[in-house]
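Participant: sequence plus the predicted model coming up.
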Amino acid sequence: MNQKIEILGVNISLLNENNILVKLQDLFLHPKKVGDGHVIVTPNPEFLLLARTDLQFRDDLNRADIAIADGVGLQYAAFFLGKSIPPRITGIDLLKKILFLAEKTKQKVFIIVAEGGLSTKKNIDATLHKEYPQLCFDSTLWPSKHIMISKQTRGKEKNNALVEKILFIEKSEPDIIFVGLGQKIQERWIFQHKKFFPKVKLWMGVGGSFDFLTQNVKRAPFCLRLLGLEWLWRLFLQPKRCKRIWNAVIIFPLSIVRVKFFGYNKGVKD
């Protein structure tokens, strides 16, 4: 049973990291037993704020099989609302462990990241070859503004570069697809394409996690991560993120206070 709680209308899974990895190993080794096409999303305070006004995004998050609490703000919010969720699991840490598990269980991985991002295909490929030498994988860059190409359009767009990318993914026959196109876009991409790849066992929206993996973005020192102050480190490194950090650090807590005193949460879901 995969219990969840709601915070600002978004489901958060009550699975700890070990539960998730055991579940994924079973999925990889016995896909018919567990069920195909599992989706993992990584909600943080920014996700939840956006989902309050973007109902499609909220629906995409709530359709996921597993939603990890990727943000210390969700821990504080749950506590303030009188609820309990497992310790925080960051997207990058879970990504690393899934890559290790995929290497161990011989799963084929496909990686989709946005064109023009900090990490190039060459960066990602070189990092994975070094860190996971036995991992079987392919990768491609995707224009983040172009979300979906359906099978119905292929006959009319034989020369379309996006169609070629879809065919490349099909040819790779992946077991796992990681999509790093940024919040909202990557989740929409997954659910738009999921039906066209019925053999894929796991989908995961990973945001900028591959930028951390390639070390194009430095992670906060462990002490700051332990204290939940990664946002301060990110603000120092990337001042242009100030609006996003304002939302996560100021607007999100205010929204939780409103929930506490005026109601909104619907409690535990199975």
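Facilitator: Happy to help now that I have it. Numbering: from 1, shown residues only.
Participant: mind checking the SS state of residue 112?
Facilitator: Here residue 112 is recorded as strand under DSSP: H, G, I helix; E, B strand; the rest coil.
Participant: which residues of the stretch 151-270 of the chain fall in strands?
Facilitator: 176-180, 202-205, 268-269 (DSSP state E, counting those that start in this stretch).
Participant: mean pLDDT lowest for which of those?
Facilitator: The stretch with the lowest mean pLDDT among the strands of the stretch 151-270 of the chain is strand 268-269, at a mean of 44.
Participant: quick revisit: export the strands of the stretch 151-270 of the chain to JSON lines and append columns for distance to residue 69 and mean neighbour count.
Facilitator: C-betas here are computed from N, CA, C, even on glycine. JSON lines is the format used below for the strands of the stretch 151-270 of the chain (distance: least, Cβ to Cβ, whole Å; neighbours: other Cβ atoms under 10 Å):
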{"stretch": "strand 176-180", "distance to residue 69": "19", "mean neighbour count": "25"}
{"stretch": "strand 202-205", "distance to residue 69": "14", "mean neighbour count": "26"}
{"stretch": "strand 268-269", "distance to residue 69": "15", "mean neighbour count": "12"}
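Participant: for residue 25, find the nearest of the ones you listed.
Facilitator: The closest of the strands of the stretch 151-270 of the chain to residue 25 is strand 202-205. By Cβ to Cβ, the value is 11.0 Å.
Participant: give me the distance from that closest one to the chain's centre.
Facilitator: Here strand 202-205 is found 7 Å from its chain centre; the criterion is Cα atoms, centre = their mean, to the nearest Å.
Participant: now do it: everything it contacts.
Facilitator: 24, 27-28, 37-42, 94-95, 98, 175-181, 183, 186-187, 190, 194 (Cβ atoms under 8 Å, 6 or more residues apart in numbering).
Participant: among the residues you listed, which are in helices?
Facilitator: Under the assignment DSSP state H, the contacts of strand 202-205 contribute 24, 27-28, 94-95, 98, 186-187, 190 to helices.
Participant: format the residues you listed as a markdown table; extra columns: distance to residue 161.
Facilitator: Below are these laid out as a markdown table (distance: Cβ to Cβ, whole Å):
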| residue | distance to residue 161 |
| --- | --- |
| 24 | 32 |
| 27 | 32 |
| 28 | 31 |
| 94 | 31 |
| 95 | 27 |
| 98 | 29 |
| 186 | 19 |
| 187 | 23 |
| 190 | 20 |
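Participant: wait, which of these is closest to residue 207?
Facilitator: For those, the nearest to residue 207 is residue 186 (7.0 Å; Cβ to Cβ).
Participant: give me the pLDDT value at the closest one.
Facilitator: Predicted confidence (pLDDT) for residue 186: 95.
Participant: my read: it touches residue 178, true?
Facilitator: No: the pair residue 186 / residue 178 is not scored as a contact, 9.2 Å apart, by Cβ atoms under 8 Å.
Participant: neighbours around the residue lying closest to residue 90 once chain neighbours are set aside, how many?
Facilitator: Closest residue in space to residue 90, ignoring its immediate chain neighbours: residue 70 at 5.6 Å, by Cβ to Cβ, 6 or more residues apart in numbering. The tally of other residues near residue 70 (other Cβ atoms under 10 Å) stands at 23.
Participant: for residue 70, give me phi and psi.
Facilitator: Here is the backbone geometry of residue 70 (degrees, to the nearest 10): phi -100, psi 80.
Participant: same question, residue 175
Facilitator: Per degrees, to the nearest 10, the backbone of residue 175 is at phi -90, psi -30.
Participant: from what I see, it and residue 109 are in contact.
Facilitator: Yes: if you go by Cβ under 8 Å, residue 175 and residue 109 touch, sitting 7.2 Å apart.
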